[in-house]
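Engineer: pasted the sequence and its predicted model underneath.
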Amino acid sequence: MILNLFSFAGLLLSTTCLILVLVIFIYGKTKLHRIWAMFNTAVGLWGLSAFLVGQASNAELALVRWKIAHIGIIFIPIFLFHVSYILCGMKQRRLLFLIYLQGIFFLVLNFLDHYFIKNLRFVFSSFYYLNPGPTYFVFFSIWTMLVLFSLYQLFLLYRKSTGITRNRILYFFAGTGVGFLGGITNFLPVFKIDLYPFGNFTIPLYCIIVSYAVLKYRLMDITVAITRTGIFIAVYTLVLGLPFAVAGWLRDWFIEIFGPNWWTAPLGLMAFLATLGPFIYIYLQRKAEERLLKEQRSYQETLKQASVGMTRIRNLRKLLELITHIVTKTVKISYVGIYLLDREADEFVLQVSRDKGRTPVPKVKMDNPLISWIMLKREPLIYEEVKRQMEDTGDYTFVNLEREMGLLTASVIIPSFLNDKFMGFFVFGDKISGRIYTADDLNVFQVLASQAALAIENAQFYEDTKEMQEQIAQAEKMATIGTMADGLSHQINNRFYALSLIAGDSIDTIKLTDTAKCTPEVKEMIAEINHALERIQANVIQGGEVVQGLLKYSRKGETGFEALDMNTIIDNTLEMVQFKVKLSEIDLVRQFPPDLSKIKGNLTQLVEAFFNFIDNAYDSIVERRNTLKEEGFRGKITISAAPKAGIMEIIIADNGMGIKDDNSKKIFTPFFTTKSSAKKGTGLGLYVVKRIITETHKGRISFDSAYARGARFIIELPLA
């Protein structure tokens, strides 16, 4: 029996479907994959039966094979509907059951009802084709409606989807258009329209296209895929078809010239065109894609050029803003955010973002599953791929990734690595055009991220170097102050000594003076002068202690350390701070028992430290009162203390304005001040306090704060 085109198309289809079923069973893991494998099995059964029908030697044998073929034909639209049912997330299980039930009903009619297939007729001088009975027309109507209903459901999903999901459905439509428009030609002879069913040759292409869409997570842009496929078909139709056409048209001429070997001419032409075909295909493909992807290639080239020039930018903030500006403007993305690793906090912090009406996530912890996945895979993450894998596999890893990407509103995440160093990651939203991110896009983004990592490293190094130089300069200033301390203390002590002598002589003179004959007014004035001179002497003594404290601080050592009572420290602090702080405007609360254990420390230095705490707290309270203007607000400073494992834990808390997160890491930096006016503070207070607590007293200091709610400083000092 000669292999006719009908049989050949059936053999090609059945072979293709067999291969696809094997591939799906190897790589497919989900219910969708299993149903699509069943669809290909049904199509493959039809193809195998078509091959056998075309080879049948008589009508009786052909009829049996047509009935077997209809097992596949009946279930093709059923499995197609089931696929759309899963993709669209439909929940009408009763409808699904009824559709399978009608399939079984027609399957029974196929084998038992004489009026389903009435008889056969010989067509195209090649093979036997069926004559339908009355019930067959009912079957064909339901078959057609089921196919159209399935495509309608996919169309509804297409309208509300974006990105990869939208592109995936376009693959379904493209494949279905090719397959069913070709496959429908098999029904034409049923209705006495005797056109040869050449459309069978398009069905394998349908199965391949949709299988690719079902199995593949990252799909080529459908426009590019169709263009490449169209060019391929056109070129190889020319390569294979032209020699046959030439052989048919010019056969007599070839025989006249070449004799019995006339066939070598078209064969040579085929060999020539087959050699030339790949070059023609590549050329046409490049030209077509240059026009089709002109905009995409343009912004990709812009990003490549930008990535080369980034390393020349030294200002980190300017660099990051430039990256986000270029990406959003050239690629036209709805949102871009850049997160960089903060090694001290062990978290990724949002540095810059460009968005449209969204609230970005400010920080991503290092233990976030998203970070773990990026560090493990070191490749881009696409939200719709993650979502699909979550739905397909139910793997909890993808559930976590989908949730975290959803919180970031990320369509794509591009990691930025410098060798093995994870610098950060870029978050991209959807394209404003609604198109997908192509493989070329992702490749360009990865190049951009790699170059950005180097540029960020350079900018950070430059800023760190600049900051280090500033710190060195500040340290030199502090060293100079320390060097000057001895000379200054000598000069200041001389002045204190002179004041002490003058005050002492004046007091002695007053004591030796007879004031008995003086009027009460004069006596009162002399008493006030005497009191003032005594105060001068007392302050001279305290001033000398401050100078000694400065020397002890600059020289270090154990001299001047003694057992100190908390009340003594606070009383001395309040005596000094009352000339600067209006204590009547605030409540200062002591929360510790009177018999509290004593601490080991230098009274003068600790008074200086507590002076700074209370002074700063008061300024913070005043700032809150003036800024927020809260009705009934009154400032409060609470000092609590309790012994704890060989140390005294002291907490100084206020209800002032607090400290902003941005300033929290610089609070102990010299010459840095948070006070609303730079004239109010030098920025040395807390720096000196930290040195007093940690270096001189071998203690510890920390703080926590909520902006607009207050701050707490926690001090740990050794017990006496």
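Structural biologist: Happy to help now that I have it.

Engineer: please enumerate the helices of the stretch 401-550 of the chain.
Structural biologist: 439-512, 520-555 (DSSP state H, counting those that start in this stretch).

Engineer: I should have written the stretch 601-720 of the chain there, sorry.
Structural biologist: For the stretch 601-720 of the chain, applying DSSP H, counting those that start in this stretch gives helices covering 603-628, 685-690.

Engineer: what about the stretch 301-450 of the chain, any weak spots by pLDDT?
Structural biologist: For the stretch 301-450 of the chain, the stretches flagged by pLDDT under 70 are 301-313, 356-357.

Engineer: sorry, that was for the stretch 1-150 of the chain
Structural biologist: Along the stretch 1-150 of the chain, the parts satisfying pLDDT under 70 run over 1-2.

Engineer: so which bits of the helix or strand where Trp143 lies are buried?
Structural biologist: Taking DSSP states H and E as the definition, one finds Trp143 inside helix 134-160. By neighbour count on 16 or more other C-beta atoms under 10 Å, the buried set for helix 134-160 is 135-136, 139, 142-143, 146-147, 149-151, 153-154, 157-158. Glycine gets a C-beta too; all of them are placed from N, C-alpha and C.

Engineer: can you pull the contacts of Leu215?
Structural biologist: Residues in contact with Leu215 (C-beta atoms under 8 Å, 6 or more residues apart in numbering) are 23-24, 27-28, 33.

Engineer: ok, Gly543 next?
Structural biologist: 492, 496.

Engineer: now Cys17
Structural biologist: Counting by C-beta under 8 Å, 6+ apart, the residues that Cys17 touches are 40-41, 43-44, 47, 204, 207.

Engineer: cool, Leu603 as well?
Structural biologist: Applying C-beta under 8 Å, 6+ apart, the residues near Leu603 are 545, 560, 562, 564, 568-569, 572.

Engineer: repeat that for Glu585.
Structural biologist: Glu585 is in contact with 634-635, counting by C-beta under 8 Å, 6+ apart.

Engineer: cool, Leu3 as well?
Structural biologist: Neighbouring residues of Leu3 by C-beta under 8 Å, 6+ apart: 11, 54-55.

Engineer: measure it to Phe116 for me?
Structural biologist: From Leu3 across to Phe116, the span is 29 Å (C-beta to C-beta, to the nearest Å).

Engineer: give me the next element, helix or strand, following the helix holding Trp143.
Structural biologist: helix 163-183.

Engineer: farthest from the middle of this protein: give me that residue.
Structural biologist: For the chain, the residue at maximal distance from the C-alpha centroid (C-alpha atoms, centre = their mean) is Lys517, at 91.7 Å.

Engineer: quick one, phi psi at that one?
Structural biologist: phi -90, psi 0 (degrees, to the nearest 10).

Engineer: got the phi and psi for Val581?
Structural biologist: According to degrees, to the nearest 10, Val581 has phi -110, psi 140.

Engineer: ok, for it, nearest residue in space, not its chain neighbours?
Structural biologist: Among residues not flanking Val581 along the chain, Tyr618 sits closest, at 4.6 Å (C-beta to C-beta, 6 or more residues apart in numbering).

Engineer: try Phe81
Structural biologist: Ser150 (4.5 Å).

Engineer: same question, Ala459
Structural biologist: The spatially closest residue to Ala459, leaving aside those adjacent along the chain, is Leu316, at 4.0 Å (C-beta to C-beta, 6+ apart).
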